[in-house]
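Colleague: Sequence and computational prediction follow.
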Amino acid sequence: MGERKGVTLIEFLIAIAILAIISVVGLLILNPATYMAKRRDAQRVDDLNVLQTAINAYIADHNAAPGRLKTAYRSDCRIWPNGYTNCNTTASDIQKTDGKGWIGCPVSSGCNSSDEGFGSSGKLSDYISQLGIDPKKNSGNNIYLYYNVDGIKYKIDAKLEVNKSLMANDGGVSLTTYEVGTYKNSCSASSSSCSLWEST
């Protein structure tokens, strides 16, 4: 008998089976959807922390939080309590820090003395170059929320996709949002007044 060259059918099938098992295990361990969701959550946390740092520095210098008192700003360009639009939802405008971004002034009337951070007394743009937006670009529940409670206290919220423990342990009242800022209670004592704030 001569030397055997090549592989037998059994050896070939065993090799295919081993590769299939490794592929399945690899997909279970490195689930690409979960991996991408974790990356988006990390971006959300980073965006909120950068905005929080900028707002804290602004408050330290001007003794006031940016935006109008008792006003909530959503990164999809709606403002509570009156629901007016405060920015154009185009990518070139929504992240601006000059009063035209999602934390800004009403489109209809422009900035006035009520709009802290966008007038002569101080400029939010001196503290942050652009406002973050959700990695899913404000689709569905994927928005950022900023609430100027009383001129000093504020909160910033975002919904995370997979990091439930961070939302539950951030010191805020909501178990379904990641909350930062100096005021982590609900947006108002009256839940009905929060409908625009909380709805999408």
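Modeller: Now that the structure is in, tell me what you want to look at. Note that the structure is predicted; figures quoted are calculated from it, not measured.
Colleague: Which parts of the chain are helices?
Modeller: Shown for the chain, the helices assigned by DSSP state H span residues 9-29, 32-62, 91-94, 164-168, 195-198.
Colleague: Output those as a markdown table; include the columns distance to N112 and mean pLDDT.
Modeller: Heads up, the C-betas are built off the backbone N, CA and C, glycines and all. Below are the helices of the chain laid out as a markdown table (distance: least, CB to CB, whole Å; pLDDT from 0 to 100):
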| stretch | distance to N112 | mean pLDDT |
| --- | --- | --- |
| helix 9-29 | 55 | 86 |
| helix 32-62 | 17 | 92 |
| helix 91-94 | 19 | 76 |
| helix 164-168 | 36 | 90 |
| helix 195-198 | 21 | 44 |
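Colleague: and these as CSV, adding mean neighbour count?
Modeller: Formatted as CSV, the helices of the chain follow (neighbours: other CB atoms under 10 Å):
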stretch, mean neighbour count
helix 9-29, 10
helix 32-62, 16
helix 91-94, 14
helix 164-168, 13
helix 195-198, 17
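Colleague: Quick one: those as CSV, columns for distance to N148 too.
Modeller: CSV is the format used below for the helices of the chain (distance: least, CB to CB, whole Å):
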stretch, distance to N148
helix 9-29, 44
helix 32-62, 9
helix 91-94, 19
helix 164-168, 22
helix 195-198, 12
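Colleague: Indicate which one of those helices is closest to Y144.
Modeller: Using CB to CB as the measure, helix 32-62 is the one of those that comes nearest Y144, at 6.9 Å.
Colleague: Now do the closest one: which elements does it pack against?
Modeller: On a contact count with 3 or more CB pairs under 8 Å, 6 or more residues apart in numbering; DSSP states H and E, helix 32-62 meets strand 144-148, strand 154-158, strand 178-181.
Colleague: buried residues in the second one?
Modeller: Using 16 or more other CB atoms under 10 Å as the burial criterion, the residues of strand 154-158 that qualify are 154-158.
Colleague: With distance to A42 and mean pLDDT as new columns, can the helices and strands packed on helix 32-62 be given to me in JSON lines?
Modeller: Rendered in JSON lines, the data for those read as follows (distance: least, CB to CB, whole Å; pLDDT from 0 to 100):
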{"stretch": "strand 144-148", "distance to A42": "15", "mean pLDDT": "88"}
{"stretch": "strand 154-158", "distance to A42": "12", "mean pLDDT": "91"}
{"stretch": "strand 178-181", "distance to A42": "11", "mean pLDDT": "92"}
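Colleague: And those strands: which comes nearest T71?
Modeller: The nearest among the helices and strands packed on helix 32-62, by CB to CB, is strand 144-148 at 5.4 Å.
Colleague: Give the partner strands of the closest one in its sheet and their orientations.
Modeller: Paired neighbours of strand 144-148 in the sheet (DSSP bridges): strand 71-74 (antiparallel), strand 154-158 (antiparallel).
Colleague: From A64, how far out is S113?
Modeller: Distance of S113 to A64, given as CB to CB, to the nearest Å: 12 Å.
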